[in-house]
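Colleague: structure of the sequence below:
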Amino acid sequence: MLKTVLTALLVIISGSVHAASGSEVIQRMFAAKFPQVQISAVGESQVDGIYQVETTSGELLYVSADGKFVFTGDLLNISGPNTVNVSEQYRSSQRVDALDHLEDKDLVVYPATDKEKAEVLVFTDTSCGYCRKFHTEVPAMNDLGITVKYVAWPRYGLDSPAGQTMVKVWCSEDREAALTRAKSNQSVAAPEGKTCDQHRLQDQINLGQRIGVRGTPAVYSMDGRQLGGYLKAEQLAQQLGLK
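Modeller: Residues are numbered from 1 along each chain as shown. So this is what the prediction gives:
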């Protein structure tokens with residue numbers, strides 16, 4: 001009888017220890033050490049004893065199972081003939097789900113001139129110098145068969161001067177022309193008698209933060225890959241496999 005009780009206690013204790021390891025230990029560690037960091041997911045990584053932690057801001061961290069060590073940066077798999085960025089693979093899969101919710105009616109779209117060969121989503125800010133340089137490449141991108149879809153991402157929020165300019169752009173009857181004026185440092189007037197909805201733009205800002213946008217321009221392919229920031233037309237075509 002005593003042996004049975006001790007065995008049962010051992011099972012319970014070992015089960016508790018197991019339950020308190022891994023993700024639960026990490027959750028508790030973050031709550032104690034980094035209460036300002038909100039965790040959206042914790043799971044085992046491809047490395048034994050290392051867990052992947054995703055924050056609500058889209059950042060990926062790697063943590064030892066005992067919660068004592070935190071690694072920042074991307075996880076690379078170098079075991080095969082080609083180096084694989086495991087972190088970017090995961091981010092891409094997450095981005096696809098998020099970016100799929102964007103609709104053309106909520107964006108500023110510059111379509112390919114003739115046959116469309118590819119599409120890109122670009123988080124942009126009218127006050128960003130490199131965003132303006134990128135915009136000068138858009139006609140050449142369109143000629144190469146690339147449709148450019150802009151997502152609003154004013155770096156300093158909707159209440160900033162650039163944010164309010166972008167509200168007017170998105171409110172315009174001709175968004176493409178309005179955005180080109182704004183990126184040429186020309187003023188954009190709000191349509192008379194029309195109330196401009198800011199919620200759509202705030203949703204886009206929130207989306208950018210969730211998928212890890214840190215600056216503009218931020219260029220993404222439709223399969224969730226981050227292609228870079230400022231790119232010339234030829235460079236973008238190469239990134240998309242069109243060259």
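
Colleague: quick check: closest non-adjacent residue to the residue positioned nearest the centre of the chain.
Modeller: Among the residues of the chain, the one closest to the centroid is Ile211, at 2.2 Å (Cα atoms, centre = their mean). Closest residue in space to Ile211, ignoring its immediate chain neighbours: Arg95 at 4.8 Å, by Cβ to Cβ, 6 or more residues apart in numbering. Yep, even glycine has a C-beta here, placed from its N, CA and C like the rest.

Colleague: can you pull the pLDDT of that neighbour?
Modeller: We have a pLDDT of 87 for Arg95.

Colleague: check the burial of it by counting its neighbours.
Modeller: 24 (other Cβ atoms under 10 Å).

Colleague: next one: phi and psi at it?
Modeller: phi -60, psi -40 (degrees, to the nearest 10).

Colleague: so where is the protein shaky, pLDDT-wise?
Modeller: For the chain, the stretches with pLDDT under 70 are 1-21.

Colleague: what are the structural domain limits within it?
Modeller: With domains defined by automatic domain parsing, the chain comprises 2-73, 99-239.

Colleague: just those domains: most buried one?
Modeller: domain 99-239 (a mean of 17; mean count of other Cβ atoms under 10 Å).

Colleague: what about that one, start to end distance?
Modeller: End-to-end span of domain 99-239 (Cα to Cα, to the nearest Å): 19 Å.

Colleague: one step back: from memory the residue nearest to the centre of the chain sits against Ala98, does it?
Modeller: Yes. Using Cβ atoms under 8 Å, Ile211 is in contact with Ala98, at 5.3 Å.
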